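Undergrad: Here is a sequence together with a model predicted from it:
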Number of protein chains: 2
Amino acid sequence: MNPQPNRLNPTPEARATVEAWQAEFEQRLEAQLAVDSGTPGELLESMRYSALAGGKRMRPMLVYAAGLALDVESSRLHAIAMAIELIHTYSLIHDDLPAMDDDDLRRGRPTNHRRFGESTAILAGDALQALAFEVLAADEALSRQPAAQVRILRDIARACGAGGMAGGQVLDLAAVDQEISFDELETMHRLKTGALIRVSATAPAHLALAQPELFARLDRFGECVGLAFQIHDDVLDVTASSQQTGKPAQADAARNKPAFPSVIGVEASQRRAEALCAEAVDALQGFSGDTRMLRWLAEYAIARQS
Amino acid sequence: MNPQPNRLNPTPEARATVEAWQAEFEQRLEAQLAVDSGTPGELLESMRYSALAGGKRMRPMLVYAAGLALDVESSRLHAIAMAIELIHTYSLIHDDLPAMDDDDLRRGRPTNHRRFGESTAILAGDALQALAFEVLAADEALSRQPAAQVRILRDIARACGAGGMAGGQVLDLAAVDQEISFDELETMHRLKTGALIRVSATAPAHLALAQPELFARLDRFGECVGLAFQIHDDVLDVTASSQQTGKPAQADAARNKPAFPSVIGVEASQRRAEALCAEAVDALQGFSGDTRMLRWLAEYAIARQS
């Protein structure tokens, strides 16, 4: 049941690098959401409450790790990492709403609507989505490559729209109280969480003017990691305590929501996550830069305890 | 109480032009939201339900009229017009939600959440916002001027975010049951409806590489028209029937929501709207192209009966 530490690639350097990236990212996020006279105070407070609640920052870390593999300097990646995390934050706020998953607890604290009320929570999500695109479009470093900037914007918009994250959430809600197959479950997660994780890995490739083959490799990497990450999330839902995850334990079962362990069992779920992780690592060939951080994140996705 | 027809500039040509633009816009919107295998059926149906419900298409018309004044051909404006209308549609869906204005009727039909349920309505709004940015970023005509494309994206994202439309909606909800001043009411509407109308007028200027002075004139025009449009909306809420507007009559008063007529009276509201319209028309100087359509739309904003 517990991940075996030796399956991870626990180089202290890799962990230290991720922690440094995380710390710098937190500072940037804080600065991005600093008090601003143009925004009503309660709205900004609600946006800050969810965006600055910590978390693994998995998607921004993937952006920086993909940049490293492509030899793209990190200064050109900040807006991409920020925008994707703002979109992820907005999706968590909306997913928690009473009309959706109706969750009271997120990262060990009351969910946004429990703290600020439903209308402010909806609008904070809406405003975070708009801010994500503003950040991408207003970034000076990106604007030196406007054609790549536009393609990144397009890919991110597509990943979070009706054919991506928002569509996946519709399928997720429709699956409550339903028997669905393993394939349907994977399809749902490919949209709901997979699309945004995938674009985290591929977006930097536009800046590197990467060959289609490398783009396809990052896409495959992101697809596998996204699905493995979600399967591991479902496994943790069954096996970990609420204290570990900051969410109610066994929430999927309580809500009668299909999840990988209930469809194929815990052990088969873990094996599927491991196979996906291996496939992701296998895709990391032919890059000019350092792919070790991507590899570390792939392994972390299925080894983390929260 | 009734607008005087001779205050309008009822050239049959201007009306025919707007009607042709509207008809073409409806076709483009229908094509944009055509059935797409990548989107769950119920989500797409919900997006289509609200986006294709008709309406004045005031914002797209302003985009095309501003393009005419700037000699920008309409083929380069389609994505801007589309994106702004998709954002407007998403805002109407979210504003109508039970946690917001809790409206049952919109354009003479059940509101989106009354027809599709709250969760689908929230997600349809979310997906329409994402689609707006995808449309802007994926447009081939715009991509021939990527620097302008990015600036247009930035301005539109800003207009609909925390310091614009979403922020204004927070102020609007906070004003229920409160006494607020005329200035506070104008500030709220400058954000809630003004920002998006304003960017409809200014966005085409990026494509024309317009001088700052012309940009400022369009900005002033949009600001005045946006506010006049909203004041007239409030006046219609008091004076028009539900049948005329497709919305419940006197909804502001029923909801104890401050509105221009309740703050300064109906006649003073009408005078304020007329003064703003005159100021808007006054700003239309120094353009190389035809400003008559902008003028017609400014006058229409305060003369319309629904």
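TA: Structure received.

Undergrad: quick one: the strands in the stretch 51-200 of chain A?
TA: Ranges of strands in the stretch 51-200 of chain A, per DSSP state E, counting those that start in this stretch, are A:105-106, A:109-110.

Undergrad: Kindly reformat those as TSV and extend each row with mean neighbour count and distance to chain B.
TA: (Glycine included, C-beta is placed from N, CA and C.) Converted to TSV, those look like this (neighbours: other CB atoms under 10 Å in any protein chain shown; distance: least, CB to the nearest CB, whole Å):
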stretch	mean neighbour count	distance to chain B
strand A:105-106	19	17
strand A:109-110	14	16
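
Undergrad: ranking the ones you listed by mean pLDDT, which is last?
TA: If you rank those by mean pLDDT, strand A:105-106 sits at the bottom with a mean of 92.

Undergrad: which residues does A:Phe133 contact?
TA: Applying CB atoms under 8 Å, 6 or more residues apart in numbering or on different chains, we find A:Phe133 in contact with A:Ala83, A:Leu153, A:Ile156, A:Ala157, B:Phe133, B:Leu153, B:Ala157.

Undergrad: Of those residues, which is the most crowded?
TA: Neighbour tally across the contacts of A:Phe133 (other CB atoms under 10 Å in any protein chain shown): the maximum, 32 neighbours, falls on A:Ala83.

Undergrad: Tally up the residues packed near the residue nearest to that residue when sequence neighbours are not counted, please.
TA: Closest residue to A:Ala83 apart from its sequence neighbours, by CB to CB, 6 or more residues apart in numbering or on different chains: A:Ala132 at 4.0 Å. Per other CB under 10 Å, the neighbour tally for A:Ala132 reads 28.

Undergrad: Please, where are all the helices along the stretch 51-200 of chain A?
TA: Using DSSP state H, counting those that start in this stretch, the helices found in the stretch 51-200 of chain A span residues A:58-70, A:78-96, A:112-116, A:118-138, A:140-143, A:146-160, A:165-174, A:182-189, A:195-207.

Undergrad: mind listing what A:Asp101 touches?
TA: By CB under 8 Å, 6+ apart, the contact set of A:Asp101 is A:Asp95, A:Arg255.

Undergrad: try 6 Å this time
TA: Under the criterion of CB atoms under 6 Å, 6 or more residues apart in numbering or on different chains, the neighbours of A:Asp101 are A:Asp95.

Undergrad: any idea how far stretch A:102-111 is from the chain center?
TA: 18 Å (CA atoms, centre = their mean, to the nearest Å).

Undergrad: Can you give me the end-to-end span of that stretch?
TA: One end of stretch A:102-111 to the other measures 9 Å (CA to CA, to the nearest Å).

Undergrad: pretty sure the residue nearest to A:Ala83 contacts A:Leu86?
TA: Yes: A:Ala132 lies in contact with A:Leu86 (CB atoms under 6 Å); the separation is 4.1 Å.

Undergrad: just to revisit the earlier point, model confidence score at the residue nearest to A:Ala83, please.
TA: Per-residue confidence (pLDDT) for A:Ala132: 98.

Undergrad: go on, A:Gln243?
TA: 71.

Undergrad: what helix or strand is it on?
TA: For A:Gln243, the element it lies in under DSSP states H and E is helix A:242-245.

Undergrad: The residue found closest to A:Glu85 once you drop the neighbours it is linked to in the chain: neighbouring residues, count only.
TA: Spatially, and ignoring its direct neighbours in sequence, A:Glu85 is nearest to A:Pro60 (5.1 Å; CB to CB, 6+ apart). Using other CB under 10 Å, A:Pro60 has 27 neighbouring residues.

Undergrad: Same question for the one 3 residues further on.
TA: Around A:Val63 sit 29 other residues, with neighbours defined as other CB under 10 Å.

Undergrad: Name the SS class of the spatially most distant residue from the centre of chain A, please.
TA: Of all residues in chain A, A:Ser37 has its C-alpha farthest from the mean position, at 30.0 Å, by CA atoms, centre = their mean. Three-state call for A:Ser37 (DSSP: H, G, I helix; E, B strand; the rest coil): coil.

Undergrad: State the distance from it to B:Val199.
TA: In this view, A:Ser37 and B:Val199 are 20 Å apart by CB to CB, to the nearest Å.

Undergrad: quick one on the thing from earlier: need the strands of the stretch 51-200 of chain A in CSV (columns: distance to B:Arg144).
TA: Below are those laid out as CSV (distance: least, CB to CB, whole Å):
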stretch, distance to B:Arg144
strand A:105-106, 44
strand A:109-110, 48
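
Undergrad: What's the mean pLDDT across the following helix or strand past the helix holding A:Gln243?
TA: Once the chain leaves helix A:242-245, the next helix or strand it forms, by DSSP H and E, is helix A:251-254. The average of the pLDDT scores along helix A:251-254 is 78.

Undergrad: Give the other helices and strands that helix A:251-254 contacts.
TA: Packed against helix A:251-254 by the contact rule (3 or more CB pairs under 6 Å, 6 or more residues apart in numbering or on different chains; DSSP states H and E) you find no helix or strand.

Undergrad: Show me which residues of that helix are buried.
TA: A:Ala251, A:Asp252 (16 or more other CB atoms under 10 Å in any protein chain shown).

Undergrad: Now the helix or strand following it - C-alpha only, CSV.
TA: Per DSSP H and E, the first helix or strand lying C-terminal to helix A:251-254 is helix A:260-264. Written as CSV, here are the backbone C-alpha positions of helix A:260-264 (Å, rounded to 0.1, in the frame of the first residue of the first chain):
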residue,chain,number,x,y,z
PHE,A,260,-10.1,3.9,-10.1
PRO,A,261,-10.0,1.8,-6.9
SER,A,262,-13.7,1.2,-7.0
VAL,A,263,-13.6,0.3,-10.7
ILE,A,264,-10.5,-1.9,-10.9
